[in-house]
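>>> this one's structure only:
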């Protein structure tokens with residue numbers, strides 16, 4: 001069975017593009033829609049160029065009404081009937097109600113080796129701690145921030161003289177390898193975590 005994948009973004013969409021480009025030929029999934037919460041997200045044009053339907057549900061008019069925003073997000077997703085939702089640089093924290101409605105079907109990629117450094121500023125925190133390795137984690141989304149079951153991790157070295165920018169670029173390259181590989185395994189019902197060196 002081919003799985004239908006919705007991808008949520010907020011910005012440039014580089015991880016979205018890596019996922020979309022991987023879902024071809026014998027891949028057990030296909031992208032069905034890309035949705036952004038910001039109307040000027042460059043990833044929307046990227047999705048269009050890749051031939052994937054793109055939509056925006058702007059979070060700003062909803063203010064503090066997170067439930068209202070998520071109802072609109074669900075309405076945008078519903079016609080595409082996604083089996084999985086892949087967060088790819090989606091910069092909104094989803095409520096427990098949304099997560100519960102899609103329990104076990106939401107994936108996220110985070111730029112640290114969880115459980116280290118959940119939340120923001122991960123690269124700066126790794127540099128401040130003097131870590132010799134950094135990386136990224138694909139995990140199942142649960143109500144607790146960045147705390148769901150780990151589905152895969154990719155490691156990169158922290159090099160002498162690294163800045164936040166150079167480390168972030170190295171981690172991003174690993175993200176583009178890891179996320180497509182984990183998505184393929186998840187769609188093939190392979191549950192053992194994938195670890196990339």
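The structure has been received and is ready for your questions. On a predicted model such as this, the values are computed, not experimentally measured, just so you know. Numbers count the residues shown, from 1 in each chain.

>>> quick one, domains of the chain?
By the assignment in automatic domain parsing, the chain contains the domains 1-103, 108-197.

>>> mean pLDDT and mean neighbour count added to those, as TSV?
C-beta here means a position set from N, CA and C on the backbone, and glycine is covered the same way. Shown next, in TSV, are the domains of the chain (pLDDT from 0 to 100; neighbours: other CB atoms under 10 Å):
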stretch	mean pLDDT	mean neighbour count
domain 1-103	97	18
domain 108-197	96	17
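
>>> what are the contacting residues of the longest helix along the chain?
Secondary structure of the chain read by DSSP state H shows that its longest helix is helix 164-187. Helix 164-187 has contacts (CB atoms under 8 Å, 6 or more residues apart in numbering) with 3, 5, 14-15, 18-19, 21-23, 27-29, 84, 86, 88, 107, 109, 111, 123-124, 126-127, 134-136, 138, 151-159, 194, 196.

>>> pull up the pairing partners for whatever helix or strand comes next after it, direction included.
The helix or strand immediately downstream of helix 164-187 is strand 194-196, counting by DSSP states H and E. Strand pairing for strand 194-196, determined by DSSP bridges: strand 150-157 (parallel).

>>> let me know the angle separating the partner strand from helix 164-187.
Relative orientation of strand 150-157 and helix 164-187, computed by axes from the mean of the first three to the mean of the last three CA atoms, to 10 degrees: 150 degrees.

>>> show me the helices in the protein, by range?
Using DSSP H, helices in the chain cover 14-22, 42-49, 66-77, 96-101, 122-128, 164-187.

>>> can you get me the start-to-end distance on stretch 74-84?
End-to-end distance for stretch 74-84: 13 Å, by CA to CA, to the nearest Å.

>>> report the contact partners of residue 6.
31-35, 77, 80, 82, 84-86.

>>> redo the residues you listed as JSON lines? Include distance to residue 119.
Shown next, in JSON lines, are the contacts of residue 6 (distance: CB to CB, whole Å):
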{"residue": "31", "distance to residue 119": "28"}
{"residue": "32", "distance to residue 119": "30"}
{"residue": "33", "distance to residue 119": "28"}
{"residue": "34", "distance to residue 119": "25"}
{"residue": "35", "distance to residue 119": "23"}
{"residue": "77", "distance to residue 119": "25"}
{"residue": "80", "distance to residue 119": "30"}
{"residue": "82", "distance to residue 119": "26"}
{"residue": "84", "distance to residue 119": "24"}
{"residue": "85", "distance to residue 119": "21"}
{"residue": "86", "distance to residue 119": "20"}
